[in-house]
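In: With the input below, show me the fold.
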Amino acid sequence: MERLRKKDQAAGIEARPLTDAQKAAIAEARNFYDAKIAEQEVLYQSKVKRVADLAERETLEQEYRRDRERLSSERDAKIAKIRAS
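Out: Model prediction:
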């Protein structure tokens with residue numbers, strides 16, 4: 001870690017510690033999106049149990065992965081925005 005900090009300093013990158021408000025906002029965003037991802041997981045598992053066709057299961061799995069990636073991307077973007085402010 002120290003080596004990375006020195007490298008950043010040499011490159012002119014300034015490290016700013018997060019404020020308490022930023023930390024709280026990041027924690028809230030993580031909790032919100034973790035809950036959404038967990039909700040999607042439950043819905044996916046429920047749908048998979050009812051489907052016997054392998055093609056339909058594959059479609060459901062692709063939708064689930066897509067939704068999960070979207071939520072993860074939204075979460076990461078929101079956290080980056082909070083860190084930048």
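In: Report pLDDT for the residue nearest to the spatial centre of the chain.
Out: With distances taken as C-alpha atoms, centre = their mean, S72 lies nearest the centre of the chain, 3.0 Å away. Predicted confidence (pLDDT) for S72: 97.
In: Same question for S85.
Out: In this prediction S85 is given a pLDDT of 85.
In: quick one: it and A52, what's the gap?
Out: Distance, S85 to A52, by C-beta to C-beta, to the nearest Å: 49 Å. The C-beta positions use only the backbone N, C-alpha and C, and glycine is treated the same way.
In: For the residue nearest to the centre of the chain, which residues are in contact?
Out: S72 makes contacts with Y33, I37, as judged by C-beta atoms under 8 Å, 6 or more residues apart in numbering.
In: what's the distance between it and I79?
Out: If you go by C-beta to C-beta, the gap between S72 and I79 works out to 11 Å.
In: Could you tell me what pLDDT the model assigned to I13?
Out: 69.
In: for the one 3 residues further on, same thing?
Out: Reported pLDDT at R16 in the predicted model: 77.
In: helix/strand/coil for it?
Out: At R16, secondary structure determined by DSSP: H, G, I helix; E, B strand; the rest coil is coil.
In: residues near it, how many?
Out: 8 (other C-beta atoms under 10 Å).
In: With V42 instead?
Out: V42 has 10 nearby residues by other C-beta under 10 Å.
In: got it, and the one 10 residues further on?
Out: Neighbour count for A52, taken as other C-beta under 10 Å: 8.
In: go on, L18?
Out: So L18, with other C-beta under 10 Å, has 12 neighbours.
In: Secondary structure element holding the residue nearest to it when sequence neighbours are not counted?
Out: Using C-beta to C-beta, 6 or more residues apart in numbering and skipping residues adjacent in sequence, the residue nearest L18 is R83, 7.0 Å away. Taking DSSP states H and E as the definition, R83 sits inside helix 54-84.
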